[in-house]
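Visitor: Structure of the sequence below:
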Amino acid sequence: MMDLATLEGEQRRNDSWISVQFQRIHLDLPLLAMLTLLASFGILVLYSAGDENTGLLTRQMIRLGVAFGAMFVFAQIPPSIYQRYSMGVWAITVLLLVAVLVVGSTGGGAQRWLNLGVVKFQPSELMKLTLPLVTAAWLSSKPNPPDVRSVLVSLALIVLPVLLIARQPDLGTSILMGASGMFVLFLSGLGWRWIFGGISLIAAALPALWYVMKDYQRQRVLTLLNPEADPFGSGYHIIQSKIAIGSGGLWGKGWLNGTQSHLDFLPERSTDFIFAVLAEEHGLMGVLPLLALYLAIVFRCLYIAAQATNLFSRTVAGSIGLTFFVYVFVNIGMVSGLLPVVGVPLPLVSYGGTSMVTLMAGFGILMSIHTHKKLIAR
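Guide: Have a look, this model is predicted:
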């Protein structure tokens, strides 16, 4: 009989062989496993949030299949291709964003789509992927740490599309995109003088920002500060969401037993406010594993960034991981009444299509960075 040490050694060899096989098709096994677990958990939550609507669940599973397919396709492209063509794709996408403001389709009070006849295309989703790539490509071609000219050009690459998207208006997407670009700058070795200077400039500009905000954006801020001022209007979402989260307590009311969601008190429960459904039905003990899984995914992204062999790969991988963290933080913050409502879904849990495909394509780029390096090393 084999002793315990021999069995453990054999298991490690088997695990290594499995990992290598996934690397050959440019998939990172630990990250793929965590994303699959998260998507599966999201299906269970969505089933309850959608009032056990099997049609809704089927559409979500189809979209998940498309999203994981996009991840696989983007993982096959070597990082050098992303680096080489990112500037051209950025320029084309900026032109598309300008076209949206001129001839774009309007829906829900926002002008965000280009009507191509067969489908409606949202250029801002493409820019989510392109912005960190073009910023990293520019900085990786310059001295490190970046000098004044490199920083100013990087800021121009970031600010231009952010302003175009904010004009649509789409505040949530513009915030996420701006964060992804700034993370690349930070990870490129930006000096603390620039960092503290930027924070001070943003803080000084906040009072002036109030006067350029649209009325509905100001109302969101006022609602955050005092939702009870309009409990049946602008404050209704937040009040009902906080009631749902608080009523879940430690252990929750049980799967499919949430009263706020199933009695239609909680709006947008399948999309932006799905976290409130989870908290009501499963309580703190159900929320903590989800948060732990999100953090594990972020740490895996940062590990891949730390293992990257060049500045471009390191900054892109780090930006994808940190931007994913911002997605989670903003959604949970707005649902809990800690941040204004900006329409950011909970990744791989909220019902959605385009944003989920974009998110998974980003993880495909991350896997490409990790697995192409591994195969070269072998």
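
Visitor: buried sites along the helix ranked longest in the chain?
Guide: The helix that spans the most residues within the chain, counting by DSSP state H, is helix 274-307. Buried residues in helix 274-307, defined by neighbour count with 16 or more other CB atoms under 10 Å: 274-283, 286-287, 290, 293-294, 297-298, 300-302, 304-305. The C-beta positions use only the backbone N, C-alpha and C, and glycine is treated the same way.

Visitor: Stretch 22-31 now?
Guide: Neighbour-count burial for stretch 22-31, counted by 16+ other CB under 10 Å, picks out 22-23, 26-29, 31.

Visitor: for stretch 313-333, same thing?
Guide: In stretch 313-333, counting by 16+ other CB under 10 Å, buried: 313-328, 330-333.

Visitor: In strands, which of these fall?
Guide: The strands, defined by DSSP state E, take in nothing from these.

Visitor: For the longest strand anywhere in the chain, give the mean pLDDT please.
Guide: Secondary structure of the chain per DSSP E: the longest strand is strand 110-115. For strand 110-115, mean pLDDT rounds to 77.

Visitor: Only C-alpha atoms, please: export it in CSV.
Guide: Presented in CSV, the C-alpha positions along strand 110-115 are these (Å, rounded to 0.1, in the frame of the first residue of the first chain):
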residue,chain,number,x,y,z
ALA,A,110,-30.3,57.9,-22.3
GLN,A,111,-28.7,58.0,-25.7
ARG,A,112,-26.3,55.1,-25.5
TRP,A,113,-26.8,52.8,-28.6
LEU,A,114,-26.0,52.8,-32.3
ASN,A,115,-28.7,51.1,-34.3
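
Visitor: Who are the packing partners of that strand?
Guide: helix 79-103, strand 105-107, strand 120-121 (3 or more CB pairs under 8 Å, 6 or more residues apart in numbering; DSSP states H and E).

Visitor: Tell me where the model's unsure across the stretch 251-378 of the chain.
Guide: 373-378 (pLDDT under 70).

Visitor: Tell me which stretches of it form helices.
Guide: Per DSSP state H, counting those that start in this stretch, the stretch 251-378 of the chain carries helices over the ranges 259-262, 274-307, 311-335, 354-377.

Visitor: would TSV of the helices and strands packed on strand 110-115 with mean pLDDT, mean neighbour count and distance to Phe232 be doable?
Guide: Below are those laid out as TSV (pLDDT from 0 to 100; neighbours: other CB atoms under 10 Å; distance: least, CB to CB, whole Å):
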stretch	mean pLDDT	mean neighbour count	distance to Phe232
helix 79-103	93	16	34
strand 105-107	74	12	26
strand 120-121	76	16	33
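
Visitor: closest one to Glu228 among those?
Guide: Among those, the nearest to Glu228 by CB to CB is strand 105-107 (31.1 Å).

Visitor: Domain parsing of this structure, as residue ranges.
Guide: Listed domain ranges for the chain are 31-76+231-378, 82-193 (source: automatic domain parsing).

Visitor: I'd like those domains as CSV, with distance to Ala208 appended.
Guide: What follows is the domains of the chain, written out as CSV (distance: least, CB to CB, whole Å):
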stretch, distance to Ala208
domain 31-76+231-378, 18
domain 82-193, 15
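
Visitor: one step back: identify all contacting residues around the longest strand of the chain.
Guide: When contacts are defined by CB atoms under 8 Å, 6 or more residues apart in numbering, strand 110-115 is touched by residues 96, 99-101, 103-105, 107, 120-124, 168-170.

Visitor: Give me the distance between Asp28 and Ala317.
Guide: 11 Å (CB to CB, to the nearest Å).

Visitor: same thing with Asn115?
Guide: Distance of Asn115 to Ala317, given as CB to CB: 35 Å.

Visitor: do Trp192 as well
Guide: Trp192 is 23 Å from Ala317, by CB to CB.

Visitor: same check, this time on Lys120
Guide: Distance, Lys120 to Ala317, by CB to CB: 31 Å.

Visitor: show me what contacts Val89?
Guide: By CB under 8 Å, 6+ apart, Val89 lies in contact with 126, 130, 133-134.

Visitor: If we use 6 Å, what do you get?
Guide: Thr130 (CB atoms under 6 Å, 6 or more residues apart in numbering).

Visitor: How much space separates it from Ala203?
Guide: Distance of Val89 to Ala203, computed by CB to CB: 33 Å.

Visitor: Kindly report the same for Trp194.
Guide: Separation of Trp194 from Ala203 (CB to CB): 15 Å.

Visitor: Between those two, which has more neighbouring residues?
Guide: A direct count of neighbours by other CB atoms under 10 Å for Trp194 and Ala203 places Trp194 higher, at 16 against 9.

Visitor: what number of residues lie near the closest residue in space to Ser313 that isn't next to it in sequence?
Guide: In this structure, Ser313 finds its nearest non-sequential neighbour in Ile369, 4.5 Å apart by CB to CB, 6 or more residues apart in numbering. For Ile369, the neighbour count with other CB under 10 Å is 29.

Visitor: And for Thr358?
Guide: The burial count for Thr358: 20, using other CB under 10 Å.

Visitor: Excluding covalently adjacent residues, which one is nearest to it?
Guide: Nearest one to Thr358, counting by CB to CB, 6+ apart, is Glu125 at 4.6 Å.

Visitor: which stretches of the stretch 51-200 of the chain have low pLDDT?
Guide: The stretch 51-200 of the chain contains residues with pLDDT under 70 at 107-109, 117.

Visitor: And the helices in it?
Guide: Secondary structure of the stretch 51-200 of the chain by DSSP H, counting those that start in this stretch: the helices cover 54-76, 79-103, 123-140, 148-166, 171-187, 192-212.

Visitor: and those, which is most packed in?
Guide: A comparison of the helices of the stretch 51-200 of the chain by mean neighbour count, using mean count of other CB atoms under 10 Å, puts helix 123-140 on top with a mean of 25.

Visitor: what packs against it?
Guide: For helix 123-140, the packing partners by 3 or more CB pairs under 6 Å, 6 or more residues apart in numbering; DSSP states H and E come out as helix 79-103, helix 148-166, helix 171-187, helix 311-335, helix 354-377.
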